[in-house]
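[1] Take this sequence and fold it.
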Amino acid sequence: MVLANCRAQFTATDFDFVARVLSRQGSRISLIELLSDPECRDEMLDNDALTRALLSREGQVQVSQQLYFYILARTVLRRQGIEDRELADYIGALLLKFSKTRQLQSPHEKLPHQFNYIVEMLEALATASAAEAFLIRVHIGNYALFLSGMFHAWVERRQQRGAPDFSFYEDIGRTSFKTAAHHKLAYQLELAQVYHQLADGFRHARLALNELARRVWNPDAEPPVAW
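    Take a look at the predicted model:
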């Protein structure tokens, strides 16, 4: 299950990295502020110097994956006009989760379901309980966003051979997140607003991930599983 929790998992090494990079820009950074003041920390994390450092060899070897994915997700989402930090937190967590191939196939670690294709997920909805259906819907939305966002060139190549185009992923992603947003579990997990934003702005989130893939991903890579 993807939760918007990257910022809650930053490490002491992460904070040291932030302070060190920003101090080079002439900013006076206090580790106490980073640790104790969430608003101050969020503002500091928006500094472009951190993105540049993370895209260099220096940043990639010194920080947690949570910080790495959060800052990069936040950067590309803002360029699409998406300013909500919770959404950046969620997409950072999504990238972290799906960077582990086996997580692509499972909606939740406590469910027995293993899927290789979106059509299998849709078929499973017919016999799923209400809670299982919620988890599967969320997984479909996440999967569609990740696939169409981080494997843009792969989708384009398959589209030329008659496979679904980006409108397929956008439609099914929007529908899945919209349905999930109204489920009581979305409110209990404090993710209803995130799902609503993804339903309304799926295309912009997908375009943001397209940019991220071009910058840090092999643009010609193929996903570990098919759609």
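[2] Please count neighbours and contacts with C-alpha atoms only from this point.
    Noted.
[3] Phi first, then psi, for the spatially most central residue of the chain.
    What sits nearest the mean C-alpha location of the chain, by CA atoms, centre = their mean, is Ile91, with 2.0 Å. The phi/psi pair for Ile91 (degrees, to the nearest 10) reads phi -70, psi -30.
[4] hang on, it packs against Leu72?
    No - contact criterion CA atoms under 8 Å: Ile91 and Leu72 do not qualify, at 9.8 Å.
[5] circling back to that earlier point, pull up the gap between the nearest residue to the residue nearest to the centre of the chain once chain neighbours are set aside and Ser23, please.
    Excluding its sequence neighbours, the residue lying closest to Ile91 (CA to CA, 6 or more residues apart in numbering) is Ala73, at 6.5 Å. Counting by CA to CA, to the nearest Å, the gap between Ala73 and Ser23 amounts to 23 Å.
[6] quick one: which of the two has more around it?
    Ala73 (27 against 13; other CA atoms under 10 Å).
[7] what's near enough to touch the more buried one?
    For Ala73, the contact set (CA atoms under 8 Å, 6 or more residues apart in numbering) comprises Ala88, Asp89, Ile91, Gly92, Ala208, Leu209, Leu212.
[8] Highest neighbour count among the residues you listed?
    Per-residue neighbour counts (other CA under 10 Å) across the contacts of Ala73 peak at Ile91, which has 30 neighbours.
[9] Give me the buried positions along the lengthiest helix in the chain.
    Longest helix in the chain, counting residues (DSSP state H): helix 130-150. Residues of helix 130-150 classed as buried: 132-150 (neighbour count, 16 or more other CA atoms under 10 Å).
[10] Just want the angle from whatever helix or strand comes next after that helix to helix 130-150.
    Using DSSP states H and E, the helix or strand that directly follows helix 130-150 along the chain is helix 152-159. Here the directions of helix 152-159 and helix 130-150 differ by 100 degrees (axes from the mean of the first three to the mean of the last three CA atoms, to 10 degrees).
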